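Peer 1: Just a sequence and a predicted model for now, questions to come.
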Amino acid sequence: MNYDRFSVHRFTSFEDAPFKAEDYSRLKFGCDAAAKSFGYQLAEGFYAVHADKLITNNCVVIPSPYNQVENAATVMTKHFMDRLNELVVEACGRHVEYMTVQRKVSYTNDYGFLSKEKRKGLIDNDTFYFNKEYVRGKLLIFIDDVRITGTHEEKLIEILEKRRLKNDAMFLYFAEYFGDQPDIEAKINFAAISSLADYVSLTKEPNHHVIVRPIKYLLGQPNSEFDYLMRELDEKTIGKIYFGALHEGYYRIPQYQNNFQTLKDRVKST
């Protein structure tokens, strides 16, 4: 079993990031255009360096684990798959396959503000489900949007080794951080979406995705701010937020319950 890592960009601070932090922020809040741009860049960069591996192996692409509601990395991964399969098949290779790793998250904290030690303490309580038989004999390609502390990567390696998988694996990132401030992730996450008005504006763009991060962000807002949100969002988006909150079990979290009730009342009244 061999592990390798690939990233399109590397950075050590917010200021020296070789990509637009605003675009990354939009990705994290469901922007399809940003997800497509990042996914295509990752596919093209990876193929340029590792075409031989892609053409000579049966490969399975696996986005960052999630439960029911997709995360930003999953939306990006689907665009990555589109471009990568186009490149591989044009070179007479076999298309790469797709699989998800189910993850039952045990916490509500915003990961982007936490140190590596705190992240590990939280993720160790999560539950992961991995289809060992499906990946037998295949090159595993794990996808995430940014690598900050490496906690997720280490957890996935731990899972592979506990299940005694013999697969080679590659960990791909749009960007990789080499600084010493774990909260850099929070800074780039909110570079473009720093208010509810910013989020409302983003939802009006074509093909917007209601993904898991914004649902937690919205439910955690002060009640008065959440009332504003209910007035400004369209019915379809409100419905997606409501059912996403149900699927993820957020209705059980005390600090979300007032806003969840407001959300529920709005959906039931339409």
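Peer 2: Sure, I can see it.

Peer 1: Please state the offset of stretch 132-148 from the chain centre?
Peer 2: 14 Å (Cα atoms, centre = their mean, to the nearest Å).

Peer 1: How about stretch 250-259?
Peer 2: Centroid separation between stretch 250-259 and its chain, computed with Cα atoms, centre = their mean, is 23 Å.

Peer 1: Show residues contacting it.
Peer 2: The contact list for stretch 250-259 (Cβ atoms under 8 Å, 6 or more residues apart in numbering) reads 108, 215-216, 218-221, 223, 226, 245, 260, 264. No exception for glycine: its C-beta is placed from N, CA and C like everyone else's.

Peer 1: Just the pLDDT for E158.
Peer 2: For E158, the pLDDT comes out at 88.

Peer 1: what's the burial count for it?
Peer 2: Neighbour count of E158, defined by other Cβ atoms under 10 Å: 13.

Peer 1: now do V69
Peer 2: Using other Cβ under 10 Å, V69 has 23 neighbouring residues.

Peer 1: let's number from 7 now, not from 1
Peer 2: Renumbered: residue one is now 7, and that last one reads V75.

Peer 1: still on that earlier bit, lowest-confidence entry in the contacts of stretch 256-265?
Peer 2: Among the contacts of stretch 256-265, T114 carries the weakest pLDDT, at 50.

Peer 1: in this structure, which spans are helices?
Peer 2: 27-34, 38-62, 78-96, 122-129, 157-168, 190-195, 202-209, 218-225, 229-238, 241-254, 263-274 (DSSP state H).

Peer 1: closest one to I149 among these?
Peer 2: helix 78-96 (4.5 Å; Cβ to Cβ).

Peer 1: now the closest one: how far from the chain's centre is it?
Peer 2: With Cα atoms, centre = their mean, you get 15 Å for helix 78-96.

Peer 1: Who are the packing partners of it?
Peer 2: Secondary-structure packing of helix 78-96 (3 or more Cβ pairs under 8 Å, 6 or more residues apart in numbering; DSSP states H and E): helix 27-34, helix 38-62, strand 65-69, strand 145-153.

Peer 1: count of residues packed around P24?
Peer 2: Other residues within reach of P24, judged by other Cβ under 10 Å, total 9.

Peer 1: can you check Y30 too?
Peer 2: If you count neighbours by other Cβ under 10 Å, Y30 ends up with 24.

Peer 1: For Y53, which non-adjacent residue is spatially closest?
Peer 2: Leaving out its chain neighbours, the residue that sits closest to Y53 by Cβ to Cβ, 6 or more residues apart in numbering is L93, at 4.7 Å.

Peer 1: Spatially central, which residue of the chain would that be?
Peer 2: The geometric centre of the chain, computed from its C-alpha atoms, lies nearest to A79 (Cα atoms, centre = their mean), at 2.9 Å.

Peer 1: ok, the nearest residue to it once chain neighbours are set aside - contacts?
Peer 2: For A79, ignoring the flanking residues on the chain, the nearest one in space by Cβ to Cβ, 6+ apart is S70 at 3.8 Å. Going by Cβ under 8 Å, 6+ apart, S70 touches 77, 79-80, 83, 148-151, 158.

Peer 1: same check, this time on K168
Peer 2: Contacts of K168 by Cβ under 8 Å, 6+ apart: none found.

Peer 1: so how far is S70 from the spatially closest residue to I194 that is not a sequence neighbour?
Peer 2: Spatial nearest neighbour of I194, excluding adjacent residues (Cβ to Cβ, 6+ apart): A27 at 4.5 Å. Using Cβ to Cβ, to the nearest Å, A27 is found at 19 Å from S70.

Peer 1: do R100 as well
Peer 2: Between R100 and S70 the computed distance is 24 Å (Cβ to Cβ).

Peer 1: likewise Q261?
Peer 2: Q261 sits 25 Å away from S70, going by Cβ to Cβ.

Peer 1: swap in R142?
Peer 2: Separation of R142 from S70 (Cβ to Cβ): 22 Å.

Peer 1: ok, now E96?
Peer 2: Distance check for E96 against S70: by Cβ to Cβ, it reads 27 Å.

Peer 1: same deal with F249?
Peer 2: According to Cβ to Cβ, F249 and S70 sit 21 Å apart.
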